[in-house]
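Trainee: Mind looking at a prediction? Sequence and model below.
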Amino acid sequence: MTVHKPTPTASDPPLHVAIIMDGNGRWAKRRSLPRTLGHRAGVEALRAVVSAAPDLNIRWLTVFGFSTENWSRPAAEVAELMALPKRYFDSDLDRLVREGVRVRVMGQREGLSADLISMLDAAELRTQANDALHLQIAFNYGGQSDIVQAARKFAQAVADGQARPEDLDEARFANNLSTAGLPPPDLVIRPSGELRLSNFLLWECAYTEFVFQNVLWPDFGPKNLAEAIETYKSRDRRYGGTVADDAFATS
Ligand code: FPP
């Protein structure tokens, strides 16, 4: 992860927006539909948000597609969630390639089927030269397990004699995370009314702004994204410094 020089305010559009796509199940329940259809509607919402992102000056968009904790859901729902990347890439990958979207799939490949892994790898490969929008899909991802694997990598480097414990600093640690090379998110959006981070980008969110919205993910659209960005732009990002003219502010 590149450590970017902090900007004093959030008045510029965010560079990196991350979204916890929540509320698919409730959306389906309210319509007396199976949860499966809520997740499929969630893919439609993702499509619309990805299309709208460049016009809102978003350069990096990171979305939470499947968490390491989602394995505890009923097998049929897990199977549906595992099928969502195929549903998305079958319909959208050609357009993503054409529109300059670079796709990365963050998270553990371990535990995913061989077919799914080769599809994710192919999507990354086909888009690797793109630079207009960087789309990270967190899939089989957990913030804590990502931190643990980063710690293991560094511990291994020490054990192999390639590093000393005192060589470790924030930048080096960040380079071992699955978000290495990305700027930290400026804004995390969580729709559906829940006020939690749910093990998403724990390290990366040290100074991220949060916007929570009362809309279920399948109903989320470019208008909600634009509203969240407007809220973000009204924030005063201080990175632990003080507000101009306010010597008592500490964070
Ligand atoms: C949480 O809602 C949502 C998920 C676990 C899945 C999110 C995935 C998508 C929206 C599509 C992903 C697309 C790709 C390409 C991977 P929930 O089911 O927990 O909703 P609830 O809280 O209302 O029950």
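Mentor: Structure received.
Trainee: residues in this structure within reach of the ligand, list them.
Mentor: Residues of the chain found near the ligand (Cβ under 6 Å from any ligand atom) are 21-26, 39, 42-43, 46, 65, 70, 81, 84-85, 88, 137, 139, 217. The way it works is simple: take the backbone N, C-alpha and C, and place the C-beta from them, glycine included.
Trainee: Val158: what secondary structure?
Mentor: helix (DSSP: H, G, I helix; E, B strand; the rest coil).
Trainee: now Gly241
Mentor: Criterion first, three-state DSSP; result for Gly241: coil.
Trainee: now do Glu124
Mentor: Glu124 ends up helix, using three-state DSSP.
Trainee: got a list of what it touches?
Mentor: By Cβ atoms under 8 Å, 6 or more residues apart in numbering, the contact set of Glu124 is 103-105.
Trainee: packing partners for the helix or strand Arg26 falls within?
Mentor: Assigned by DSSP states H and E, Arg26 belongs to helix 24-30. Packing contacts for helix 24-30, counted by 3 or more Cβ pairs under 8 Å, 6 or more residues apart in numbering; DSSP states H and E, involve helix 35-52.
Trainee: Please name every helix or strand in contact with the following helix or strand past the helix it packs on.
Mentor: Per DSSP H and E, the first helix or strand lying C-terminal to helix 35-52 is strand 60-67. If contacts are counted by 3+ Cβ pairs under 8 Å, 6+ apart, strand 60-67 sits against strand 16-20, helix 35-52, helix 75-98, strand 133-141.
Trainee: which strands and helices sit next to the shortest one?
Mentor: On a contact count with 3+ Cβ pairs under 8 Å, 6+ apart, strand 16-20 meets strand 60-67, strand 187-190, helix 222-233.
Trainee: partners of it in the sheet?
Mentor: Paired neighbours of strand 16-20 in the sheet (DSSP bridges): strand 60-67 (parallel), strand 187-190 (parallel).
Trainee: With the last one instead?
Mentor: Here strand 133-141 is paired, per DSSP bridges, with strand 60-67 (parallel), strand 101-106 (parallel).
Trainee: what angle sits between the longest one and helix 75-98?
Mentor: With axes from the mean of the first three to the mean of the last three Cα atoms, to 10 degrees defining the directions, strand 60-67 sits at 160 degrees from helix 75-98.
Trainee: And for strand 60-67, what's in contact with it?
Mentor: Contacts of strand 60-67 (Cβ under 8 Å, 6+ apart): 15-21, 46, 49-50, 53, 81-82, 84-85, 106-107, 133-142, 179, 182-183, 185, 198-201.
Trainee: what do you get if the cut-off is 7 Å, keeping everything else the same?
Mentor: Residues lying outside strand 60-67 but in contact with it, judged by Cβ atoms under 7 Å, 6 or more residues apart in numbering, are 15-21, 46, 50, 53, 81, 84, 133-142, 182-183, 185, 198-200.
Trainee: Same question for stretch 86-102.
Mentor: With Cβ under 7 Å, 6+ apart as the criterion, stretch 86-102 contacts 40, 43, 46-47, 50, 103, 119, 123, 126-128, 130-135.
Trainee: Make a PyMOL selection of whichever of those residues turn out to be buried.
Mentor: In PyMOL syntax, the buried subset of these is picked out as below (16 or more other Cβ atoms under 10 Å):
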select buried, resi 40+43+46+50+103+119+123+126+127+130+133+134+135
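Trainee: Just send the helices and strands packed on strand 16-20 back as CSV, with distance to Arg152 too.
Mentor: Listed next are these as CSV, based on distance: least, Cβ to Cβ, whole Å:
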stretch, distance to Arg152
strand 60-67, 20
strand 187-190, 26
helix 222-233, 34
